[in-house]
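S.K.: With the input below, show me the fold.
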Amino acid sequence: MIAAVEAWRAGLFERRQWMRNVIAGAIVGVVALPLAMAFAIASGVKPEQGLYTAIVAGLAVSLFGGSRVQIAGPTGAFIVILASVVARFGVSGLLLATLMAGVILVAMGVARLGAVIRFIPDPVIVGFTAGIAVIIWVGQWQYFFGLPAPAAGPFYAKAWHLLLSLPRLDPATTALGAGSLALAVLGPRIPGLARVPGPLLAMVVATVAASLLDLPGVATIASTFGEIPRALPQLQWPQAGFDRMLLLLPSAFTIAMLGAIESLLSAVVADGMAATRHDSNQELIGQGVANIVSPLFGGIAATGAIARTATNIRNGGNAPLAGVVHAITLLLILVVLAPYAGKVPLCALAAILFVVAWNMSEARRFVRLVRLAPRADVAILAITFTLTIVTDLVVAVNIGVILAMFQFMRRMSAAVEVVEHGQASLLQELADAGLERMPAGITVYSIDGPFFFGSVDSLERALSWSREPPRFVALRLERVPFMDATGLKRLESSIQGLHRRGVRVLLCGASLRVLRKLVRAEIVRRDDPGSYFKDLAAALRYAQANVDGDPARPA
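M.R.: Numbers count the residues shown, from 1 in each chain. Got it, this is the predicted structure:
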């Protein structure tokens, strides 16, 4: 259900709820101001486009998303992929890719894939977010130290160029950046400023200092990107063509996947903080609508922002009204204070992004995984982290997920056991069958675990006898939760191979779900009453009857 409708039914739009949500929304709007501009600049677009994104996308997610308290806008996770799209296809290409990503997100929500996104393994998520944090941190050295722009190229080449350029740093820019970083980190600890967000404090103080001191060589938003317009741009459709859309499809899919992961992670964090419960599929639809509408007004990709969502909750926000007020606050700031925003030093925004990168890296969580996680998971973490830095996010996530899938299948196959049972462990089944001892010439096995393509070798190894094969093999399936096509095919092949050796296979005890698959694959046939039994006792009676020469009838 749409969270705004749910909140209305719950009475969260009543007048007594207004004040807390208006205050929370206004505070979040102020917090979002420097972040939106900083993320836009780092993504390779103009700072006002970050504001457009926070306004338009933030409003759309609050109205159509699946979380009552989610705050959306541009985020640091998008910087790397958006900057690469701008470098290859220009800003117009980014707008079209964002719109396409929005359509993909809506389709994912309609297809009810919200829960599937959560299955991306933790080492992959931590690995690529830490890698993105490193790229953001290094990418801001240019503005923080006042260095010349590095030449286009891979990350490591740019990093090496910036390192070589450090002796040519601008002292005034570096000093102002260092002061901004100190305020962003330590400002809230100053008496009387505890409730002032560190990024806002750093931006305001740095802007005032740069204006009063008239520091030479300090780049500002206006000197680098021009003045910020005092209104939203007119509605316009991005230039699209079939060939262009095909070229942009991989980038659009990456933006959609990253947006889905970020927004659902943020919604989960919000649920824990606010004791709410989000609708993951509706959240994907809301994020999709936001990313469709945002580029129509010049905005870039948006997703749920964990830090801004947490700020909303901590300040009393409990309804989508707070997100709406957040968007309105940013719009008023854009209309009224746009001329002053042009005076913000870029080194102050770089300092803010340093803090964002540190928080995003989750260094403690990264180190904890390295110390305590299984070695295979540590390897996946390291590979994803390294590939994010030396190649790109798409390659890193794809390879990380594939490696995690292989590791999961290896663990699942190792967990599947094919166990042989002797008479001592089957006393109850023998009693149920009315037998005092095991029928001659029968061996009983049970499969414990899912019988899929990664685990079929366990059965084949168990059935590879070095001694004379038995006359019957009873195969218990009570503990098999599912079988896939490969498992069914290999089971059929094993049964046929045993039949050629004169061994009759008695399947028994399958769940209804597994039994339907066995029937559909014609492994269990209705015209062969001896191919399947409801339980082991029935299979044992059948074997006893055949040993005694009775007609082959299922018990």
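S.K.: Leaving out sequence neighbours, find the closest residue to residue 229.
M.R.: residue 48 (6.0 Å; CB to CB, 6 or more residues apart in numbering). For the C-beta atoms, the positions are set from N, CA and C on the backbone; glycine is no exception.
S.K.: Now for this protein, the helix or strand with the poorest mean pLDDT.
M.R.: helix 456-462 (a mean of 74; mean pLDDT, DSSP states H and E).
S.K.: so how far is it off the chain centroid?
M.R.: From the chain centre to the centre of helix 456-462 is a distance of 36 Å (CA atoms, centre = their mean, to the nearest Å).
S.K.: Give me the helices and strands touching the helix or strand following it, please.
M.R.: Where DSSP states H and E defines the elements, the next helix or strand beyond helix 456-462 is strand 472-476. For strand 472-476, the packing partners by 3 or more CB pairs under 8 Å, 6 or more residues apart in numbering; DSSP states H and E come out as strand 442-448, strand 504-508, helix 536-547.
S.K.: Report all helices and strands that the least confident helix or strand of the chain contacts.
M.R.: strand 417-421, strand 442-448, helix 485-500.
S.K.: 6 Å - rerun?
M.R.: The contact analysis (3 or more CB pairs under 6 Å, 6 or more residues apart in numbering; DSSP states H and E) places helix 456-462 against strand 417-421.
S.K.: Would you give the sheet partners of the strand it packs on, along with the direction of each?
M.R.: Sheet pairing of strand 417-421 (DSSP bridges) gives strand 442-448 (antiparallel).
S.K.: starting at the chain centroid, how far to the strand it pairs with?
M.R.: For strand 442-448 - counting by CA atoms, centre = their mean - the centre lies 41 Å from the chain centre.
S.K.: ok, how many other residues are close to residue 9?
M.R.: 10 (other CB atoms under 10 Å).
S.K.: Repeat that for the one 10 residues further on.
M.R.: Using other CB under 10 Å, residue 19 has 10 neighbouring residues.
S.K.: can you check residue 547 too?
M.R.: Count around residue 547 with other CB under 10 Å applied: 14.
S.K.: start at 235 instead
M.R.: Taking 235 as the first residue, the last one we looked at is residue 781.
S.K.: Name the residues that touch the helix or strand containing residue 254?
M.R.: Following DSSP H and E, one finds residue 254 within helix 252-276. With CB atoms under 6 Å, 6 or more residues apart in numbering as the test, helix 252-276 has contacts from 281, 283-285, 288, 305, 307-308, 313, 431, 433-434, 437, 542, 545-546, 549-551, 553, 555-556, 559-560, 563-564, 567, 583, 586-587.
S.K.: Is residue 395 in contact with residue 386, as I believe?
M.R.: No: with contact defined as CB atoms under 6 Å, residue 395 does not reach residue 386; the gap is 10.4 Å.
S.K.: Just want to know which of these two has more residues nearby.
M.R.: Shown here are residue 395 and residue 386; by other CB under 10 Å, residue 395 has more neighbours (16 against 8).
S.K.: need the contact list for the more buried one.
M.R.: Contacts of residue 395 by CB under 6 Å, 6+ apart are residue 384.
S.K.: Just the element for it, please.
M.R.: Take DSSP H and E as the rule and residue 395 turns out to sit in helix 389-399.
S.K.: For residue 529, give me its contacts.
M.R.: 329, 332-333, 472.
S.K.: how much space between the closest residue to it other than its chain neighbours and residue 736?
M.R.: Computed as CB to CB, 6+ apart, the closest residue to residue 529 that is not its neighbour in sequence is residue 329, at 3.8 Å. Distance of residue 329 to residue 736, computed by CB to CB, to the nearest Å: 71 Å.
S.K.: The two: who's more crowded?
M.R.: Per other CB under 10 Å, whichever of residue 329 and residue 736 has more neighbours is residue 329, with 28 against 9.
S.K.: Flag every buried residue along stretch 424-439.
M.R.: Using 16 or more other CB atoms under 10 Å as the test for burial, stretch 424-439 gives 430-439.
S.K.: Return the subset of the residues you listed lying in helices.
M.R.: Taking DSSP state H as the definition of helices, the buried residues of stretch 424-439 contribute 432-439.
S.K.: Which one of the residues you listed is nearest to residue 295?
M.R.: Of all those, residue 295 sits closest to residue 433, with 21.1 Å by CB to CB.
S.K.: quick one: average pLDDT of the helix holding residue 395?
M.R.: Helix 389-399 carries an average pLDDT of 89.
S.K.: contacts for the helix or strand that comes right after that helix?
M.R.: Per DSSP H and E, helix 389-399 leads on to helix 405-420 as the next helix or strand towards the C-terminus. Applying CB under 6 Å, 6+ apart, the contact partners of helix 405-420 are 378-380, 432-433, 435-436, 439-440, 449, 451-452, 579, 581-582, 584-586, 588-589.
S.K.: what angle separates helix 405-420 from helix 252-276?
M.R.: Counting by axes from the mean of the first three to the mean of the last three CA atoms, to 10 degrees, helix 405-420 points 150 degrees away from the direction of helix 252-276.
S.K.: what about residue 654, how many neighbours?
M.R.: 10.
S.K.: list the buried ones in the helix holding residue 395?
M.R.: 389, 392-393, 395-396, 399.
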